[in-house]
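*Asks:* Next come a sequence and a model predicted from it.
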Amino acid sequence: MTRMLKGGLLIGLWFSALNIAGAQQFNSEEVIFEAKGDTIQIGATITSPKQGGTFPALVLVSGTGPQNRDCEMAGQPLFAQIAEYLSSKGYIVLRMDDRGVGKTTGTYQQATTADFAKDALQAVDFLKTYPNVESRKIGLLGHSEGGAAMSIAASQSKDVAFLVSLAGLATNGMESLLVQNENIVRNSPATPVDQKRYNQINRLMFSTAYQYAQSDSLESKLNEVYDYWKLKDDLYFKTLGKEWDHFRFPIYSYAMQAVGPWYRYFVRYNAELVLSQVDVPILALNGDKDVYVDPTNLEGWQKYSKSGQKGLVTTHLLPNVNHLMQACKTCDAKEYAELGTIPTSTLAIITAWLNKTVK
């Protein structure tokens with residue numbers, strides 16, 4: 001079936017599918033729509049309840065790295081599972097390919113978190129004309145960096161009615177980079193000496209990237225800082241009495257990343273400024289074993305947002321849950337592929353909040 005709707009060409013075939021529990025059916029349709037004011041088209045899948053009526057809707061916003069619409073990480077289709085579960089419970093859900101992935105055009109490497117926010121708003125605009133959607137009850141669900149993108153989107157548009165964060169970023173970009181890398185270093189097999197060296201050079205490089213993010217001299221400044229640190233570090237290494245130093249900061253690869261548009265924007269991202277302009281209901285979930293978005297991140301949703309000042313923020317810290325929202329055992333990244341997808345108990349928390357807050 002092919003159909004034209006305001007906002008773009010909609011292409012797809014309806015089919016029925018059972019949710020994970022097998023208790024209720026939903027419909028699914030592939031769509032393609034043109035981004036207004038941009039040169040890209042966005043490919044997506046929309047799932048919706050099989051029964052008749054009108055329904056609230058959600059747009060799913062992925063985290064860092066080019067993701068397909070199912071948000072497959074370590075072989076786990078995080079967004080496909082969320083979409084199908086929520087649609088079986090009475091919600092219309094749009095999940096989309098990131099720029100340059102699948103049927104979405106554009107170049108991911110040239111995009112920033114602000115661009116991903118624009119894409120989320122394009123999807124909201126498209127859903128406003130989609131059959132059976134309650135146009136005043138469209139919200140965003142973001143994972144990891146998607147939390148920042150959806151916050152930017154909500155701060156810019158009154159069309160966003162609510163936010164759901166799954167390990168979504170609610171701290172400043174610079175702060176999140178420092179905490180994330182310190183968590184990774186602390187959980188690494190590196191010796192205490194090398195952990196200290198990693199943290200030292202990371203702090204220096206991140207601070208330099210922050211200071212010169214808007215400067216043409218960023219790359220040269222990064223190299224200058226590294227060369228200065230290395231002179232001191234070489235002297236320190238000699239005092240350790242070791243013959244060979246296996247530790248070397250990957251300056252060239254880091255500098256290439258840091259001078260790109262995404263990093264320049266992200267390191268200067270100001271969560272407090274953005275969230276101070278957001279006053280819609282917010283549900284925020286974090287795993288207590290998440291090393292990429294630290295659990296203390298939950299405080300940002302409450303502290304920075306206008307929603308928090310109005311008592312519109314609900315947070316949950318989930319025990320023994322990692323960054324992919326999986327119930328974990330060792331809780332390191334090596335385990336991701338071995339674990340199942342997001343627990344039904346977590347999906348039930350989201351559904352219960354939506355039923356109370358949105359419906």
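*Replies:* Nice, I can see it. If you're wondering where the values come from, they're calculated on a predicted model, not measured in any experiment.

*Asks:* quick check: domain ranges of this protein?
*Replies:* With domains defined by automatic domain parsing, the chain comprises 2-171+271-357, 174-267.

*Asks:* Where does the prediction get shaky in this structure?
*Replies:* Counting by pLDDT under 70, the chain has low-confidence residues at 1-24, 246.

*Asks:* Repeat the analysis, applying 90 as the threshold.
*Replies:* 1-25, 36-39, 52, 73-76, 187-191, 193-194, 234-253, 332-334, 340-341, 359 (pLDDT under 90).

*Asks:* quick one: the helices in it?
*Replies:* Taking DSSP state H as the criterion, the chain carries its helices at 78-88, 113-127, 145-156, 173-186, 192-211, 218-238, 251-258, 261-267, 271-275, 298-304, 306-309, 344-357.

*Asks:* quick one: the strands in the stretch 1-150 of the chain?
*Replies:* With DSSP state E, counting those that start in this stretch as the criterion, the stretch 1-150 of the chain has strands at 2-5, 8-11, 15-18, 25-34, 41-49, 55-61, 72-73, 76-77, 92-96, 133-143.

*Asks:* Show residues contacting the fifth one.
*Replies:* Residues lying outside strand 41-49 but in contact with it, judged by C-beta atoms under 8 Å, 6 or more residues apart in numbering, are 8, 24, 26-35, 55, 69, 83-84, 86-97, 102-105, 119, 122-123, 126-127, 130, 132. Every C-beta, even on glycine, is put in place using the N, C-alpha and C of the backbone.

*Asks:* please redo it, this time with the cut-off set to 6 Å
*Replies:* The contact list for strand 41-49 (C-beta atoms under 6 Å, 6 or more residues apart in numbering) reads 26-35, 55, 69, 83-84, 87, 90, 92-97, 102-105.

*Asks:* Now do that strand against strand 92-96, angle only.
*Replies:* Here strand 41-49 points in a direction 150 degrees away from that of strand 92-96 (axes from the mean of the first three to the mean of the last three C-alpha atoms, to 10 degrees).

*Asks:* for strand 41-49, the distance to its chain's centre please.
*Replies:* Centroid displacement of strand 41-49 relative to its chain, using C-alpha atoms, centre = their mean, to the nearest Å, is 18 Å.

*Asks:* ok, now how distant is the residue located most distally from the centre of the chain from residue 230?
*Replies:* Distance from the C-alpha centroid of the chain peaks at residue 241, with 43.8 Å (C-alpha atoms, centre = their mean). Counting by C-beta to C-beta, to the nearest Å, the gap from residue 241 to residue 230 is 19 Å.

*Asks:* quick one: buried residues of stretch 337-353?
*Replies:* Residues of stretch 337-353 classed as buried by neighbour count (16 or more other C-beta atoms under 10 Å): 339, 341-342, 346-347, 349-351, 353.

*Asks:* Adding distance to residue 111, write those out as JSON lines.
*Replies:* Shown next, in JSON lines, are the buried residues of stretch 337-353 (distance: C-beta to C-beta, whole Å):
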{"residue": "339", "distance to residue 111": "30"}
{"residue": "341", "distance to residue 111": "27"}
{"residue": "342", "distance to residue 111": "26"}
{"residue": "346", "distance to residue 111": "29"}
{"residue": "347", "distance to residue 111": "29"}
{"residue": "349", "distance to residue 111": "31"}
{"residue": "350", "distance to residue 111": "27"}
{"residue": "351", "distance to residue 111": "31"}
{"residue": "353", "distance to residue 111": "30"}
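
*Asks:* ok, which pair from these is furthest apart?
*Replies:* 339 and 353 (24.0 Å; C-beta to C-beta).

*Asks:* Neighbours of residue 210, how many?
*Replies:* 17 (other C-beta atoms under 10 Å).

*Asks:* who's in contact with it?
*Replies:* Residues near residue 210 by C-beta under 6 Å, 6+ apart: 174, 267.

*Asks:* Surely residue 358 and residue 55 touch.
*Replies:* No: using C-beta atoms under 6 Å, residue 358 is not in contact with residue 55; the gap is 9.9 Å.

*Asks:* dump the residue contacts of the residue farthest from the centre of the chain.
*Replies:* For residue 241, the contact set (C-beta under 6 Å, 6+ apart) is empty.

*Asks:* Now do it against residue 99, distance only.
*Replies:* Distance, residue 241 to residue 99, by C-beta to C-beta: 51 Å.

*Asks:* for residue 260, same thing?
*Replies:* Taking C-beta to C-beta, one finds residue 260 at 14 Å from residue 99.

*Asks:* repeat for residue 55
*Replies:* Distance from residue 55 to residue 99, by C-beta to C-beta: 28 Å.
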